[in-house]
Structure formats: C-alpha cells, structure tokens
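Engineer: sequence and predicted structure, then a few things I'm wondering about:
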Amino acid sequence: MNEEQLRAIKFDSVKDKFIKAYNEAITRQGSAELLAWIEKTDFFTAPASSKFHNAFEGGLAEHSLNVYNAMIDRYNEGKPDESMAIVALLHDLCKAEFYKVSQRNVKNEATGQWERVNYYVIEDKFPFGHGEKSVFLIERFMRLKVEEAIAIRWHMGGFDDAAKGGSFAINGAFEKYPLAVKLHIADIEATYLIENKE
C-alpha cells in the first residue's frame, strides 16, 4: 500500500470511531441533526491546527477523539458519558470551515530545488471567538447544560484570549464547574502527550 492509501484507511477509521463514540454516548434531542450538519462541513478532513498539533488532514477529528478518550479514561473508568462526550468531541467544533489549504515555495534540502508545498492558513468566516463559537454552533441544534457550555467555552484555559487579556471569569468557571477543569486537562493531555508521540 502506498502512503495515500494508508492515509485514506486511517481517515476512514478515525471518522468511524468518532461517529461510533458520538452515537454511543450522545442521545440528546437534536444530536442526530447536529451530527448530520457536522458531516456536511469539513470537520472530518480539517486539521486541528495550522502548524502545531495534528496539523494534517483529519487531525481535528483525531484530536477530538484523543480528548474524549483521555477524558473518559482519566475520569470515568473508560465508560461512555454523555456530558463528557459532548464537551470532548465537540469542544473544537469552531475549527470546522476554519482552515484552508494554500501553497508556498520551499527549498528541498536534498535536491536544492524549490518545490510547491501545501500548508494550512486560517480563514475565519465567522470570527466569534474560540470556545464561545463552538457553544454557539452546538446550540443551533442541541441544548447544552450550563456546565457543558462553560467547559467548552473555557477549554483553552490560560491560552484563551480573554484569560490572557486579564479576565478572571475562567477562575470562577474552574471553581464552580469541575467538568471545565476535566476538559482542559484532557485537551492538554491529548495535545502535548498523546499527539506529540504520534
């Protein structure tokens, strides 16, 4: 098998695992409609970032699964849980339709020749923030509990622009809603421990 065929198999596997986890754990009214909408976007082909973690085709869905698995393994003995599934699988929904592929010239060190290579750039058509945009998109189809909305809104922790700007709201969120802390820790674990090993 060539590299492209292996990538296609991995992509299909990640998408299947995501949908299985979603359907197994999330049964709330509107969840089927939300998943149908997600499948119409580039969620399953999008990267998780432009150049940092999982900056490759399908990286967003894989990252979401990594966060979910880290979260249920650490806090729920590996058992599916609806609130954990919602916040983990959907925390970065804001990144659907967020990146686009561009090209640039890069010198091939082995040959000395310049080559056109693809890379991701941000093209935010709906600049609504990060966590808050994910909450907004989910709520178009399915009602979130307060603790779920708070967890998704603040999943970036100290990396969130509001927190970096001096907002203390994140302190209140983490003090009152343990789910927010759990999501942030699982997101960090997936990004810096699980995905750095891959």
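Structural biologist: Yep, that arrived. Numbering: from 1, shown residues only.
Engineer: next, the buried residues of the helix or strand containing residue 135.
Structural biologist: According to DSSP states H and E, residue 135 maps onto helix 131-139. Neighbour-count burial for helix 131-139 flags 131-138 (criterion: 16 or more other Cβ atoms under 10 Å). Any C-beta I mention is one placed from the backbone N, CA and C, and that applies to glycine too.
Engineer: what of stretch 90-99?
Structural biologist: 90-99.
Engineer: same deal with stretch 124-133?
Structural biologist: Within stretch 124-133, the residues scored as buried using 16+ other Cβ under 10 Å are 130-133.
Engineer: figure out the length between the terminal residues of that stretch.
Structural biologist: Using Cα to Cα, to the nearest Å, one end of stretch 124-133 lies 11 Å from the other.
Engineer: so for that stretch, mean pLDDT?
Structural biologist: Mean per-residue pLDDT for stretch 124-133: 90.
Engineer: what's in contact with it?
Structural biologist: 91, 93-94, 97-98, 136, 152-156, 160-161 (Cβ atoms under 8 Å, 6 or more residues apart in numbering).
Engineer: if we go to 7 Å?
Structural biologist: Applying Cβ atoms under 7 Å, 6 or more residues apart in numbering, the external contacts of stretch 124-133 come out as 94, 97-98, 136, 152-156, 160.
Engineer: same question, stretch 100-111
Structural biologist: Outside stretch 100-111, the residues within contact range by Cβ under 7 Å, 6+ apart are 114-121, 123.
Engineer: swap in 8 Å and give it another go.
Structural biologist: If you take Cβ under 8 Å, 6+ apart as the criterion, stretch 100-111 is touched by 113-121, 123.
Engineer: can you check stretch 16-25 too?
Structural biologist: Residues contacting stretch 16-25 (Cβ under 8 Å, 6+ apart): 31, 35, 44, 61, 64-65, 68, 80-82, 84-85, 89.
Engineer: 7 Å instead?
Structural biologist: 35, 61, 64-65, 68, 80-82, 85, 89.
Engineer: what subset of those is buried?
Structural biologist: The neighbour-count test (16+ other Cβ under 10 Å) marks 35, 61, 64-65, 68, 81, 85, 89 as buried among the contacts of stretch 16-25.
Engineer: could you dump those residues to JSON lines with distance to residue 186 and pLDDT?
Structural biologist: Formatted as JSON lines, the buried ones among the contacts of stretch 16-25 follow (distance: Cβ to Cβ, whole Å; pLDDT from 0 to 100):
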{"residue": "35", "distance to residue 186": "21", "pLDDT": "98"}
{"residue": "61", "distance to residue 186": "16", "pLDDT": "96"}
{"residue": "64", "distance to residue 186": "11", "pLDDT": "97"}
{"residue": "65", "distance to residue 186": "11", "pLDDT": "96"}
{"residue": "68", "distance to residue 186": "8", "pLDDT": "97"}
{"residue": "81", "distance to residue 186": "12", "pLDDT": "94"}
{"residue": "85", "distance to residue 186": "12", "pLDDT": "98"}
{"residue": "89", "distance to residue 186": "11", "pLDDT": "98"}
